[in-house]
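*Asks:* need the 3D shape of this:
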Amino acid sequence: MTGLILAIVFLVFVAFVVIKSIALIPQGEAAVIERLGRYTRTVSGNLTLLVPFVDRVRARIDTRERVVSFPPQAVITQDNLTVAIDIVVTFQINDPAKAIYGVDNYIVGVEQISVATLRDVVGSMTLEETLTSREVINRRLRGELDAATTRWGLRISRVELKAIDPPPSIQQSMEKQMKADREKRATILTAEGQREADIKTAEGEKQAKILSAEGEKHAAILSAEAERQAMILRAEGERAARYLQAQGEARAIQKVNAAIKAAKLTPEVLAYQYLEKLPQIADGKSSKMWVIPSQFSDSLEAFARQFGDRSEDGVFRYEASSVDEETRDLANADDIAEWFSTESDPEIAAAVAAANAVANKPVDPDPAELALGKTAPKTKPDPTEEDRGLPEGFHQQI
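*Replies:* I've put the predicted structure just below:
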């Protein structure tokens, strides 16, 4: 029975010794090994064998990057304002032995150095500079901490200011100031917008007035040009009408003269016609008395002797002269249909078409071309006879 107990005790002792001689260090951790109280080595991420009752694991250190947030620290700025600043420090342990043997508590050491450096940096700045110079403060804090913690086996990878809280009264003043600045900018932007709108409106009205004036100008020019062309055409028509009327009267006179010659009238007939017209001459509303001269018969006799020959019985008789063939044909001609034709003369129709073409021509070039300087307005000369389509020498003929 005693032997069994001894065997069990021996087995327990052996198991205890085996457990003490084996140490499993996971990845991301480092173990500081001491032998008889003196540092021997640092192991990480493997199975480590220890000498029982001689070697021991002093401490296990996390070698991953660690993020530590420190509580708000009261800092006084250059303009004597107290602000609360939160700091976030990111660091990593590169040498676990220095972290164990170099400092009692490296977390507290990092916090105290951060606070001291922060007060030194912020104390040389005003509140406005502190609020707008986060990057500068971060760089200085990181540089100071990295230099101070190197002997502790730490590497400071990043330092950030999480929050900068000024006093409530300062916050209210800042909010009022920012509100006033925003209202000022809004007022300025509103005024600028109104100014731009007024400028655009004025420019639009100016362009509209210019275009309206240009339109009225072109309308007046076209109206004047149309009136001028109408006056020219009316003058041409009246001149042509007078010319045709004169031609008609001349042809009528020729016709009457030829008829008289062809009829071989005698003075007796003329005297009879004269006597026949006398009552009509005397039949005037304003005629009260009409006297036939006493020498009227003597005048007829002298007229007969002048143009007549004395016959055998002593009476003077008028012998009409011979009528040539041209006069006889002109007196007998009955083709007068062309005298009353209402069809337009081809020359006059051509003149009207030419005048319409001239009136339809633009007086001034396009305003867009004038703006680009491509063309310049020119004064259009008065159309000549050839431009109006009239035959050359038409006016001289009239």
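*Asks:* my read is E34 is in a helix, agree?
*Replies:* No - if the criterion is DSSP: H, G, I helix; E, B strand; the rest coil, then E34 is strand and not within a helix.
*Asks:* bridged to it, which residues?
*Replies:* Y39, R56 (DSSP bridges).
*Asks:* report how many residues lie close to M174.
*Replies:* M174: 14 surrounding residues under other CB atoms under 10 Å. Backbone N, C-alpha and C define where each C-beta goes, glycine included.
*Asks:* same check on the one 3 residues further on?
*Replies:* By other CB under 10 Å, the residues close to Q177 number 10.
*Asks:* just to be sure, it is in a helix?
*Replies:* Yes - looking at Q177 with three-state DSSP, it is inside a helix.
*Asks:* what separates it from Q171, distance-wise?
*Replies:* 11 Å (CB to CB, to the nearest Å).
*Asks:* just R58 next, same as before
*Replies:* R58 is 49 Å from Q171, by CB to CB.
*Asks:* point out where this protein drops to low pLDDT.
*Replies:* Under the criterion pLDDT under 70, the flagged ranges of the chain are 263-275, 277-278, 281-324, 326-345, 347-349, 351-352, 355-356, 358-398.
*Asks:* which of R58 and Q171 has more residues huddled nearby?
*Replies:* Neighbours per residue (other CB under 10 Å) separate R58 from Q171, with R58 holding more: 17 against 11.
*Asks:* that one against R38, yeah?
*Replies:* No - in this structure R58 lies outside contact range of R38 using CB atoms under 8 Å: 10.1 Å.
*Asks:* tell me who's in contact with Y101.
*Replies:* Going by CB atoms under 8 Å, 6 or more residues apart in numbering, Y101 touches Y39.
*Asks:* that one and I61, how far apart?
*Replies:* Distance check for Y101 against I61: by CB to CB, it reads 12 Å.
*Asks:* list residues touching both of those two?
*Replies:* Overlap of the contact sets of Y101 and I61 (by CB under 8 Å, 6+ apart) is empty.
*Asks:* beta partners for R66?
*Replies:* Under the criterion used (DSSP bridges), R66 bridges to F91.
*Asks:* hmm, Y106 and it touching each other?
*Replies:* No - at 10.2 Å, R66 and Y106 do not qualify as touching, with contact defined as CB under 8 Å.
*Asks:* state the distance from A97 to L211.
*Replies:* 90 Å.
*Asks:* of the two, who's got more company?
*Replies:* More crowded of A97 and L211, by other CB under 10 Å: A97, with 18 against 11.
*Asks:* helix or strand: which one has that one?
*Replies:* For A97, the host element (DSSP states H and E) is helix 96-101.
*Asks:* give me the next element, helix or strand, following that helix.
*Replies:* helix 106-122.
*Asks:* show me what the helix or strand harbouring T201 is packed up against.
*Replies:* Using DSSP H and E, the element containing T201 is helix 168-263. With contacts taken as 3 or more CB pairs under 8 Å, 6 or more residues apart in numbering; DSSP states H and E, helix 168-263 sits against helix 325-332, helix 346-360.
*Asks:* give me the phi and psi angles of the closest residue to F53 other than its chain neighbours.
*Replies:* Spatial nearest neighbour of F53, excluding adjacent residues (CB to CB, 6 or more residues apart in numbering): K20 at 7.0 Å. Here is the backbone geometry of K20 (degrees, to the nearest 10): phi -70, psi -20.
*Asks:* can you count the residues close to K20?
*Replies:* Using other CB under 10 Å, K20 has 15 neighbouring residues.
*Asks:* surely it touches P52?
*Replies:* Yes - contact criterion CB under 8 Å: K20 and P52 qualify, at 4.4 Å.
*Asks:* what touches both of the two?
*Replies:* Shared contacts of K20 and P52 (CB under 8 Å, 6+ apart): none.
*Asks:* show me what the helix or strand that contains L24 is packed up against.
*Replies:* According to DSSP H and E, L24 maps onto strand 22-25. Helices and strands touching strand 22-25, by 3+ CB pairs under 8 Å, 6+ apart, are strand 29-35, strand 46-49.
*Asks:* direction included, what does it pair against?
*Replies:* strand 46-49 (antiparallel).
*Asks:* next, the buried residues of the strand it pairs with.
*Replies:* T48 (16 or more other CB atoms under 10 Å).
*Asks:* contacts for it next, please.
*Replies:* With CB under 8 Å, 6+ apart as the criterion, strand 46-49 contacts 21-25, 31, 33.
*Asks:* for PyMOL, write a command that selects the buried ones of those.
*Replies:* Of the contacts of strand 46-49, the buried ones go into a single PyMOL selection, burial set by 16+ other CB under 10 Å:
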select buried, resi 23+25+31+33
